[in-house]
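>>> Got a sequence here, can you model it:
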Amino acid sequence: MSETTVTLLNNPYGQVTFDLFRQKNKAFVDKSLMIKYLDDDSMSLYPVLLRPRRFGKSTFVRMLKCYYDISFKDRYEELFSGTKIYDLNLPTHNSYHVINFDFSVVSTGNLNKLLTSFFVVVSRGIKDFILRYPDFVFDYSALDKTDAATLFNEFAIAYKDYSESQKLYVMIDEYDNFANEILSKDLELFLKITSKDGFLKTFYATIKSLTTDTIAKTFITGVSSVSLDSLTSGFNIALNVTSSDCFNEYAGFTEDELEILIPKLVDVEKLGVTTKEIIERMKPVYDGYCFSRRADKTVYNSSMCLYYLTKVRQEQTFLNPEDYLDPACDQDGYKLEQIFSLTHKDIVDEIIDTYLHGDTFYVDHLSENINLNKANAYDQDQVLSILYYLGYLTIDKEGSSTDGLSLKIPNRYMSKLFGKCIINLRLNKASSFITPAINTESLLAAEDDISSFADSCTEFLSSIMTNQVLQHMNEIALNLALFAKLETMKGRNFIVNMQKSLQVKGEGEKYADLVITVNRGKINECIYIIELKYLTKTEARDKNRASTLQRLVNKAAEELTAYKSALEFKGRNVKAYAMVFAGPDCIYCKLQ
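Modelled structure (predicted):
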């Protein structure tokens, strides 16, 4: 291995300031070519681009500000030389007065606190404008500190006196962040602020009125379409371009971009792996997002990638991505539960059933301008659209057409969030789930005979077979139920993982159904790998049941052989078992 020292760039995780990336020797992914599409004559002057949280939207907005704003003109060479957009030499660079607002910092609470905070955020954008243009004079000290619409209107009047040309570019980042936060806590307040008389409509109506002689362009980012009705009912010239194929890659990282980025952030040679091997291991956890049925590529969650690469660089080890998830992302499935609480129960049941059977979801079209003031619950297209905008689902190109969109869960991270949500909705709250215990004494004693464990699994499953999750039993439902129960019993000497990612030499990533570690770190530590198989009712009644059972056992044995050879288990006490169930009954449990 080479002893050559590799000079790495700084990781921009958690930072959004594009100009500082260029100043402080930070690595960044060049998204500047997207500006070409924004400048195209066929593009709306007022686009809205939605993407899930932690995808790099704010960094993109900051880049647009640096590119378009006149006050950055003297720094154009410094900031854009070497980028993709630089070579195009478009005449629009540094030709607008940009004012930008970041609504992610709006405080939530009661209505008065919200109005005051919204006013402060708008005033902060104005103060930033004044700092960049010291000769611009605007005094708003006498204005009502809860009336942001009037504040912005007065700013526009002052701007019109300052610049006779219509060159004001308004950029709004995270337009819906505070509204989504309120929706998760106070539905009544959310309905009030998003109603036809709410302050949001008034604010955006003010923006619209100024497009005739003051505002040249706007650019708006956000996460979901739940608040979009409030925006577009006041600003009905805004156009949602979220699913335009040209913007598929505007946020998030493609594999091509990661191939360039990773060697700048980690010493791959020192790790003893290739860049492609790192990408291959990240792919099932962070990749899979597609925002247009005509898109050529999928994208990775950029914040997840940067967080993981930060950890790899710190530890100087090829880590398992599933063990290093960005803590700033939603990892508990709470938002899913909140969305389902506003959805008809039969629709939620159908979504859960679709997940458990590994099927795709289908919508005629993505719902825009979803208005909870007009309906007290989401219909099927609306809830699936929201799950798409938030990143829980993504476009499945293979099943999509002009007649409708096929949606699927993008990756293992989101699949596990679905699983956790189903556990909370359908299992943890059921009394029949809480009472029966699973006997783990043989596991804790690191014994080979775990028949008592298998028998107690049968007893537990029999008690909850009427539950929604298990009405249509399959391997996924079986896995979820046993994992959820074992999770309630875990302690310092008992750790359980579901669908655990394992790195198998020569075979890549493999996923074990249940991995139970007992007495961790002690001399009697033992790791139980359990591969679950399931016989359907038809298979269980079939006269050839014995041959079907043997086929499942053989398949489990083959998979367990691979699992045991995983790098994570080298030098550790590992016991691998195949467990086959027919209904709630464990009909086979043996050491492999």
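
>>> What ranges in this protein fall below the confidence cut-off?
Residue ranges of the chain with pLDDT under 70: 1-6, 230, 330-332, 431-432, 466-473, 492, 543.

>>> can you map out the helices along the stretch 301-450 of the chain?
With helices called from DSSP state H, counting those that start in this stretch, the stretch 301-450 of the chain shows them at 302-315, 334-341, 345-356, 380-389, 412-426, 431-434, 441-444.

>>> of those helices, which approaches residue 181 most closely?
Ranking these by their distance to residue 181 (criterion: Cβ to Cβ) puts helix 334-341 first, at 10.4 Å. For glycine as for every other residue, the C-beta is placed from the backbone atoms N, C-alpha and C.

>>> This structure: strands as residue ranges?
Secondary structure of the chain by DSSP state E: the strands cover 47-50, 97-102, 168-173, 215-222, 239-240, 361-363, 394-395, 405-408, 494-504, 508-518, 526-535, 574-582, 585-591.

>>> What are the contacting residues of the fifth one?
Among residues not part of strand 239-240, those counted as contacts by Cβ atoms under 8 Å, 6 or more residues apart in numbering are 44, 46, 47, 48, 50, 225, 228, 232, 368.

>>> Identify the residues contacting the fourth one.
Put plainly, it is residue 48. Per Cβ under 8 Å, 6+ apart, neighbours of residue 48: 175, 220, 221, 222, 228, 231, 238, 239, 240, 241, 242.

>>> Now render those as JSON lines, adding distance to residue 268 and neighbour count.
Formatted as JSON lines, the contacts of residue 48 follow (distance: Cβ to Cβ, whole Å; neighbours: other Cβ atoms under 10 Å):
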{"residue": "175", "distance to residue 268": "39", "neighbour count": "24"}
{"residue": "220", "distance to residue 268": "39", "neighbour count": "27"}
{"residue": "221", "distance to residue 268": "33", "neighbour count": "28"}
{"residue": "222", "distance to residue 268": "36", "neighbour count": "27"}
{"residue": "228", "distance to residue 268": "42", "neighbour count": "26"}
{"residue": "231", "distance to residue 268": "44", "neighbour count": "26"}
{"residue": "238", "distance to residue 268": "44", "neighbour count": "21"}
{"residue": "239", "distance to residue 268": "42", "neighbour count": "16"}
{"residue": "240", "distance to residue 268": "40", "neighbour count": "21"}
{"residue": "241", "distance to residue 268": "37", "neighbour count": "18"}
{"residue": "242", "distance to residue 268": "35", "neighbour count": "23"}
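
>>> The nearest residue to residue 586 once chain neighbours are set aside: what's it in contact with?
Of all residues not flanking residue 586 in the chain, residue 454 sits nearest, at 4.3 Å (Cβ to Cβ, 6 or more residues apart in numbering). With contacts defined as Cβ under 8 Å, 6+ apart, residue 454 is in contact with 579, 586, 589.

>>> Also residue 476?
Contacts of residue 476 (Cβ under 8 Å, 6+ apart): 355, 356, 357, 358.

>>> mind checking how far the residue lying closest to the first one once chain neighbours are set aside is from residue 426?
What it means is residue 355. In space, and not counting its chain neighbours, residue 355 is closest to residue 418: 5.3 Å by Cβ to Cβ, 6+ apart. Separation of residue 418 from residue 426 (Cβ to Cβ, to the nearest Å): 12 Å.

>>> Could you do residue 87 as well?
According to Cβ to Cβ, residue 87 and residue 426 sit 55 Å apart.

>>> likewise residue 497?
From residue 497 across to residue 426, the span is 21 Å (Cβ to Cβ).

>>> So between the two, which is more surrounded?
Neighbour totals were compared for residue 497 and residue 426, and residue 426 leads with 23 against 18 (other Cβ atoms under 10 Å).

>>> Need phi/psi at residue 90.
phi -70, psi 140 (degrees, to the nearest 10).

>>> Now do the contacts for it.
Taking Cβ under 8 Å, 6+ apart as the test, what residue 90 contacts is 35, 36, 39.

>>> Next up, phi/psi of the residue minimising distance to the centre of the chain, please.
Nearest to the mean C-alpha position of the chain, counting by Cα atoms, centre = their mean, stands residue 391 at 4.7 Å. When read as degrees, to the nearest 10, the backbone of residue 391 gives phi 90, psi 0.

>>> wait, what's in contact with the residue nearest to it when sequence neighbours are not counted?
Distance criterion Cβ to Cβ, 6+ apart; nearest residue to residue 391, sequence neighbours excluded, is residue 52 at 3.0 Å. Listed by Cβ under 8 Å, 6+ apart, the contact set of residue 52 reads 223, 289, 301, 389, 390, 391.

>>> Among those, which one lies nearest to residue 9?
residue 301 (20.4 Å).

>>> what about the closest residue to the closest one other than its chain neighbours, distance to residue 271?
In space, and not counting its chain neighbours, residue 301 is closest to residue 286: 4.9 Å by Cβ to Cβ, 6+ apart. Distance, residue 286 to residue 271, using Cβ to Cβ: 18 Å.

>>> cool, residue 201 as well?
In terms of Cβ to Cβ, residue 201 sits 53 Å off from residue 271.

>>> what about the two, which has more around it?
Just comparing residue 201 and residue 271: by other Cβ under 10 Å the higher neighbour count belongs to residue 201, 21 against 18.

>>> my guess is that one contacts residue 234, does it?
Yes - using Cβ atoms under 8 Å, residue 201 makes contact with residue 234 at a distance of 3.9 Å.

>>> in the longest helix belonging to the chain, what counts as buried?
Using DSSP state H, we find that the single longest helix of the chain is helix 111-132. Neighbour-count burial for helix 111-132, counted by 16 or more other Cβ atoms under 10 Å, picks out 114-119, 121-123, 125-126, 128-129, 132.
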